[in-house]
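Visitor: missing the sequence, but the structure's below:
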């Protein structure tokens, strides 16, 4: 295999910039670009932090695939505490660890142990109050070269950028603290008393933020560099019985005093999403309300003979329900609940007809494009990052067929997001709201990428405060 010209450009950028953000869309080869830069720099003891499944299935294998990186010793630091301790002290060029053990790293290794840091899927650290970010914050000043990687750098807006760029420059560009960043660039959208539940970016701040970060940022869009097949997004409306839904909705809202306060909104909306999908879980078990999404899924399958399906399911009880439905309906087909790297291999070898997966467990870095080209969203997700990453498992470089994405969208579910009062029922569905929210978030992220792309070539390296 040979590196493509745009990949060589990225490699040179990493080599020339000891602190840099590499925002390449899915399928452009972020992994091999980083490994190539490490090989050319000749750096030892590089720490790569990545999602667990990526640690287990991507970095070690990618280094072996390319002649110019096959000499690198890449160690996946996984297993028990004792096993991780042994692996991290092995002589190696690269150590790949799960983002879940960052706290373990800071207390178990001497200062200056690593010479380079790579944070794969840096949006995992976008929450500045999370334990993983606070743990990483303590070790980054000790590492002289730092790179962050993401295909979806701002899934919820510009406010996702602060902690990611802090990893690179310790607050030089976007303020030393999240409080200072918010005060300078953001405004509260949803607020109760002194607590802000949602931030928005000031319109005039967008250009200022872009200018501050563009000198250490490399952005590439897949459509500009590789030929991709069509991506077909299909919303399938699912009509459900509103009577039971409205009764349950009113019950949940009345439990909170008749009005849904911002701090309780997430819990109520999660229940509405479950109701829209046909089953709601509670302390005593699961109530099964309808089978409309199961029937819609069956209709899609029956009218597309021979197709293999990657099915997005967010709730454990729905995963079991979908699994039971498919195994009973199609006993001659292989139905699998995604769990291990073996499922990745079996899917890509086309041994699986239906692969049921939670977007959180399969949403980053896993290559599934060889095994199929059709996705069904059984449960929808509010997260643009998980949404795009999940689709990106099939729609990426190496996919040779049109990719179809079917969204099962329940209708008539009511709008708790705008109708806080228990007696108010809106015609817009919770599933429809999720779809519209994803489209809105994507618009803002695409705006960020476009502005950075437009200004990056005419920028200077001077940083003004």
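Guide: Structure received. Because the structure is a prediction, the values reported are computed rather than measured.
Visitor: Please name the nearest non-neighbouring residue to residue 349.
Guide: Distances taken as CB to CB, 6 or more residues apart in numbering put residue 371 closest to residue 349, at 7.3 Å, once the chain neighbours are dropped. C-beta coordinates here come from the backbone N, C-alpha and C atoms, glycine included.
Visitor: Might one say that the one you found is in contact with residue 352?
Guide: Yes. Using CB atoms under 8 Å, residue 371 is in contact with residue 352, at 6.9 Å.
Visitor: Quickly list what's touching both of these two.
Guide: Common contacts of residue 371 and residue 352 (CB atoms under 8 Å, 6 or more residues apart in numbering): residue 308.
Visitor: Wait, residue 103 touches residue 137, no?
Guide: No. With contact defined as CB under 8 Å, residue 103 does not count as touching residue 137 (11.2 Å).
Visitor: out of these two, which sits in the busier spot?
Guide: residue 137 (17 against 14; other CB atoms under 10 Å).
Visitor: sorry, back to before: need the overlap of contacts for residue 103 and residue 137.
Guide: Common neighbours of residue 103 and residue 137, using CB under 8 Å, 6+ apart, do not exist here.
Visitor: What are the buried residues along the top helix by length along the chain?
Guide: Counting residues, the longest helix found in the chain (DSSP state H) is helix 430-456. For helix 430-456, burial by neighbour count (16 or more other CB atoms under 10 Å) applies to 430-435, 437-438, 441, 444-445, 448-449, 451-453.
Visitor: which secondary structure elements does that helix contact?
Guide: Here helix 430-456 touches helix 203-213, strand 217-220, helix 262-277, helix 384-391, strand 403-411, going by 3 or more CB pairs under 8 Å, 6 or more residues apart in numbering; DSSP states H and E.
Visitor: roughly how far is that helix from the heart of the chain?
Guide: Relative to the centre of its chain, helix 430-456 is centred 14 Å away, using CA atoms, centre = their mean, to the nearest Å.
Visitor: same thing with stretch 301-315?
Guide: Remark: stretch 301-315 is offset 21 Å from the chain centroid, using CA atoms, centre = their mean.
Visitor: Make 56 the starting number, not 1.
Guide: Shifting the count to begin at 56 puts that one at stretch 356-370.
Visitor: can you give me the end-to-end distance of it?
Guide: 21 Å (CA to CA, to the nearest Å).
Visitor: which parts of that stretch are buried?
Guide: 356, 363-370.
Visitor: and the longest helix of the chain with helix 439-446, angle?
Guide: Angle, helix 485-511 to helix 439-446, by axes from the mean of the first three to the mean of the last three CA atoms, to 10 degrees: 90 degrees.
Visitor: Could I get the average pLDDT for helix 485-511?
Guide: Averaged across helix 485-511, the pLDDT comes to 84.
Visitor: Which parts of the helix or strand that contains residue 139 count as buried, going by neighbours?
Guide: If you go by DSSP states H and E, residue 139 is part of helix 136-143. Neighbour-count burial for helix 136-143 flags 139, 142-143 (criterion: 16+ other CB under 10 Å).
Visitor: Run through the neighbouring helices and strands of that helix.
Guide: So helix 136-143, by 3+ CB pairs under 8 Å, 6+ apart, packs with strand 129-132, strand 149-153, helix 157-163.
Visitor: tell me the most buried of these?
Guide: Among those, the stretch with the highest mean neighbour count (mean count of other CB atoms under 10 Å) is strand 149-153, at a mean of 23.
Visitor: Identify the residues contacting that one?
Guide: By CB under 8 Å, 6+ apart, strand 149-153 touches 90, 93, 100-107, 110, 114-115, 118, 127-133, 139, 142-143, 160, 169.
Visitor: same question, stretch 239-252
Guide: So stretch 239-252 is contacted by 213-214, 229-230, 253-257, 260, 263-264, 316-318 (CB under 8 Å, 6+ apart).
Visitor: Tell me the most packed of those residues, by neighbour count.
Guide: Neighbour count (other CB under 10 Å) singles out residue 264 as the most crowded of the contacts of stretch 239-252, with 26 neighbours.
Visitor: Quick check: residue 440 touching residue 209?
Guide: No. With contacts counted by CB under 8 Å, residue 440 stays clear of residue 209, the gap being 9.2 Å.
Visitor: what about residue 384, distance to residue 359?
Guide: To residue 359, residue 384 is 15 Å away according to CB to CB, to the nearest Å.
Visitor: I misspoke; the intended subject was residue 509.
Guide: 40 Å.
Visitor: Domain ranges for this structure, per the record?
Guide: 60-281+505-511, 286-483 (automatic domain parsing).
Visitor: The ones you listed: lowest mean pLDDT?
Guide: Ranked by mean pLDDT, the domains of the chain end with domain 286-483 at the bottom, a mean of 83.
Visitor: How far does that one sit from its chain's centre?
Guide: Its chain's average C-alpha position is 16 Å from that of domain 286-483, according to CA atoms, centre = their mean.
Visitor: Identify, from the buried residues of helix 485-511, the entry nearest to residue 322.
Guide: Within the buried residues of helix 485-511, distances to residue 322 taken as CB to CB reach their minimum at residue 485, with 13.2 Å.
Visitor: what's the helix or strand hosting residue 77 packed up against?
Guide: Under the criterion of DSSP H and E, residue 77 resides in strand 74-79. Judged by 3+ CB pairs under 8 Å, 6+ apart, the packing partners of strand 74-79 are helix 60-71, helix 85-96, strand 201-204, helix 216-224, strand 272-275.
Visitor: List the contacts of the residue nearest to residue 70 when sequence neighbours are not counted.
Guide: Once flanking residues are discounted, residue 70 sits nearest to residue 92: 5.3 Å by CB to CB, 6+ apart. By CB under 8 Å, 6+ apart, residue 92 lies in contact with 66, 69-70.
Visitor: separation between residue 92 and residue 144?
Guide: Separation of residue 92 from residue 144 (CB to CB): 25 Å.
Visitor: In contact with residue 191: list those residues for me.
Guide: The neighbours of residue 191, taking CB under 8 Å, 6+ apart as the test, are 104, 157, 161, 174, 180, 222.
Visitor: The strand holding residue 77 vs helix 258-268, what angle?
Guide: Using the same axes, to 10 degrees: strand 74-79 against helix 258-268 is 110 degrees.
Visitor: how far is strand 74-79 from where the chain is centred?
Guide: 16 Å.
Visitor: Buried residues in the helix or strand that contains residue 356, which are they?
Guide: Using DSSP H and E, residue 356 maps to helix 347-357. For helix 347-357, a neighbour-count test (16+ other CB under 10 Å) marks 347-349, 351-352, 355-356 as buried.
Visitor: Sweet, I'm off.
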